[in-house]
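>>> sequence unknown, structure follows:
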DNA sequence: TCTGGGGTCCTAGGACCC
DNA sequence: TCTGGGGTCCTAGGACCC
């Protein structure tokens, strides 16, 4: 809140081209080489090394559109491997926690660090040491941005990368002003395409213009309370609070298919598989759910009509039982299904979650035997890999599965072995 | 041929209540 | 001609994030 008159100081530490850096970690020969990591189903580029950027590749591009570029520059291409990335992320975050009293993990490869408690002159050496220790002890290159708010730290970090620096601080007002003046609106954390259009219509161009814009009523009207907060943050007054994300409010599992799916049975298999994933996450965070929603859709990039249907149900009680949830979603798919549509994606959402402890007594539909069964299932899947045990409803052929899941099944085991060796 | 997946927060408007 | 006012809860949808 604004009650604090003293300026806060924040750093954001993020891992450079995180997924690429993970792939490189055990393949040193790829250092300085252009590499990219693809999204699920080998669709788009979701991580690229700076060498890959240099040859003209971009974040989010569909891979099939840039095949020639990839070939010409011998860019190494990887399917994504989240088990590995999750492991390395935990190492980085663990180290940050160990070194700092106030760390908030923000995403798989970023964390905010509040270092307001340090004496004023200590900032630069602290930042240097932090960066070096993380890089040395995890093997992942990182960069830092520092400022009087999280938003300013984000901008500093982005600017550091542009300048080829490993860290940059905006705590000096003159430096801050100069950087904000050359930062376009849409590069501010929280300003996307929609909001930047609205702000430009009000005559603003840079982050600095926004921070200095006097008419707060207009900001309030066009951007609501979110806009007011962003403006305050740009002025160096920290007001965006982030809590630790220990319990999610919604859990989803959605996937594109490796090919078009026309049969109801296959859709049911896929959705049964996804609800299994979602329920596993649900139990892991100690929650139960009452809201279940199922989504089926065709390919929006196809010519012809786009088909998307979604249905939701509120169960009469809270549960975390995969078998029960599977029966529910299987029924829902049967109701949503339409003959003759080439389905390309399906998904399951669990919402209206509650803490399991608080609802223990209400779980009369679920016997303790069911709970035990789920516990055993989770243990086995944790030990031997996801999907070792699953419900029969998930099917055995699974022709609809994603392309990369098929392809990387072999390397996956050997990769996780590598991670085991490196872990404590 | 081929175009990701998983989240959060805020707001406006309707339903309902006194 | 008259048709209160204000609070709360819920939901759908929009915007954004990595």
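Sure, I can see it. Note that the coordinates shown come from a computational prediction; the quantities given were computed from them, not determined experimentally.
>>> how does chain A divide into domains?
Residue ranges for the domains of chain A, per automatic domain parsing: A:9-168, A:172-244, A:251-418.
>>> make TSV out of those domains and add mean pLDDT, distance to DNA strand C and mean neighbour count.
C-beta coordinates here come from the backbone N, C-alpha and C atoms, glycine included. Shown next, in TSV, are the domains of chain A (pLDDT from 0 to 100; distance: least, Cβ to the nearest atom of the strand, whole Å; neighbours: other Cβ atoms under 10 Å):
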stretch	mean pLDDT	distance to DNA strand C	mean neighbour count
domain A:9-168	96	3	18
domain A:172-244	94	2	16
domain A:251-418	85	7	16
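>>> quick one: these as a markdown table, columns for distance to DNA strand B too.
Supplementary listing: these in a markdown table, determined by distance: least, Cβ to the nearest atom of the strand, whole Å:
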| stretch | distance to DNA strand B |
| --- | --- |
| domain A:9-168 | 3 |
| domain A:172-244 | 3 |
| domain A:251-418 | 3 |
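>>> I'd like the next helix or strand past whichever helix or strand residue A:317 is part of.
Taking DSSP states H and E as the definition, residue A:317 sits inside strand A:308-319. Going down the chain from strand A:308-319, the next helix or strand is helix A:322-336, by DSSP H and E.
>>> and that next one, what does it pack against?
If you count contacts as 3 or more Cβ pairs under 8 Å, 6 or more residues apart in numbering; DSSP states H and E, helix A:322-336 packs onto helix A:264-284, strand A:287-298, strand A:308-319, strand A:343-355, helix A:368-384.
>>> so which of the ones you listed is nearest residue A:231?
strand A:343-355 (32.2 Å; Cβ to Cβ).
>>> now what about the helix or strand just after that closest one, what contacts it?
Proceeding N to C from strand A:343-355, the next assigned helix or strand is helix A:356-359, under DSSP H and E. Residues outside helix A:356-359 that contact it (Cβ atoms under 8 Å, 6 or more residues apart in numbering) are A:286-288, A:318, A:320.
>>> for chain A, which segments are assigned as strands?
For chain A, applying DSSP state E gives strands covering A:10-15, A:35-38, A:45-48, A:76-79, A:103-107, A:110-114, A:142-147, A:167-169, A:251-261, A:287-298, A:308-319, A:343-355.
>>> end-to-end on stretch A:140-160?
Using Cα to Cα, to the nearest Å, the end-to-end distance of stretch A:140-160 comes to 17 Å.
>>> quick check: closest non-adjacent residue to residue A:72.
residue A:55 (8.0 Å; Cβ to Cβ, 6 or more residues apart in numbering).
>>> all helices for the stretch 51-200 of chain A, in order.
With DSSP state H, counting those that start in this stretch as the criterion, the stretch 51-200 of chain A has helices at A:67-72, A:82-99, A:123-138, A:150-163, A:173-181, A:193-201.
>>> the second one packs against which elements?
Contacting helix A:82-99 under the criterion 3+ Cβ pairs under 8 Å, 6+ apart are the following elements: strand A:10-15, helix A:18-25, strand A:103-107, strand A:110-114, helix A:123-138, helix A:409-422.
>>> other residues contacting the fifth one?
For helix A:123-138, the external contacting residues (Cβ under 8 Å, 6+ apart) are A:9, A:11, A:13, A:88, A:91-92, A:95-96, A:99-100, A:113, A:115, A:118, A:140-144, A:146, A:166-167, A:169, A:171.
>>> try 10 Å this time
A:9, A:11, A:13, A:15-16, A:21, A:25, A:88-89, A:91-96, A:98-100, A:113, A:115, A:118-119, A:140-146, A:166-169, A:171, A:422 (Cβ atoms under 10 Å, 6 or more residues apart in numbering).
>>> would you mind confirming that residue A:293 makes contact with residue A:350?
Yes: here residue A:293 reaches residue A:350: they are 7.9 Å apart, a contact under Cβ atoms under 10 Å.
>>> overlap in contacts, these two.
Common neighbours of residue A:293 and residue A:350 are listed as A:250, A:252 (criterion: Cβ under 10 Å, 6+ apart).
>>> now do residue A:152 against residue A:189, distance only.
Per Cβ to Cβ, to the nearest Å, residue A:152 is found 9 Å from residue A:189.
>>> between these two, what contacts are shared?
Residues within reach of residue A:152 and of residue A:189 at once, by Cβ under 10 Å, 6+ apart, are A:12, A:207, A:233-234.
>>> farthest pair within those residues?
Largest separation among the shared contacts of residue A:152 and residue A:189 by Cβ to Cβ: A:12 and A:207, giving 15.9 Å.
>>> which residues does residue A:85 contact?
A:15, A:18-19, A:21-23, A:37, A:47, A:108-109.
>>> redo that, cut-off 8 Å
By Cβ under 8 Å, 6+ apart, the contact set of residue A:85 is A:18-19, A:22, A:108.
>>> got CSV for the residues you listed, with distance to residue A:64 too?
Output for the contacts of residue A:85, formatted as CSV (distance: Cβ to Cβ, whole Å):
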residue, distance to residue A:64
A:18, 24
A:19, 20
A:22, 24
A:108, 26
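>>> of all those residues, which comes closest to residue A:71?
Nearest to residue A:71 among these is residue A:19, at 21.2 Å by Cβ to Cβ.
>>> isn't the closest one up against residue A:47?
Yes: Residue A:19 lies in contact with residue A:47 (Cβ atoms under 8 Å); the separation is 3.6 Å.
>>> find residues that contact each of those two.
Taking Cβ under 8 Å, 6+ apart as the criterion, residue A:19 and residue A:47 both touch residue A:37.
>>> who touches stretch A:59-78?
Here stretch A:59-78 has contacts from A:19-20, A:23, A:30, A:33-38, A:42-48, A:52, A:55-57, using Cβ under 8 Å, 6+ apart.
>>> start and end of that stretch, how far apart?
Terminal residues of stretch A:59-78 lie 14 Å apart, using Cα to Cα.
>>> now that stretch, how far from the centre of its chain.
23 Å (Cα atoms, centre = their mean, to the nearest Å).
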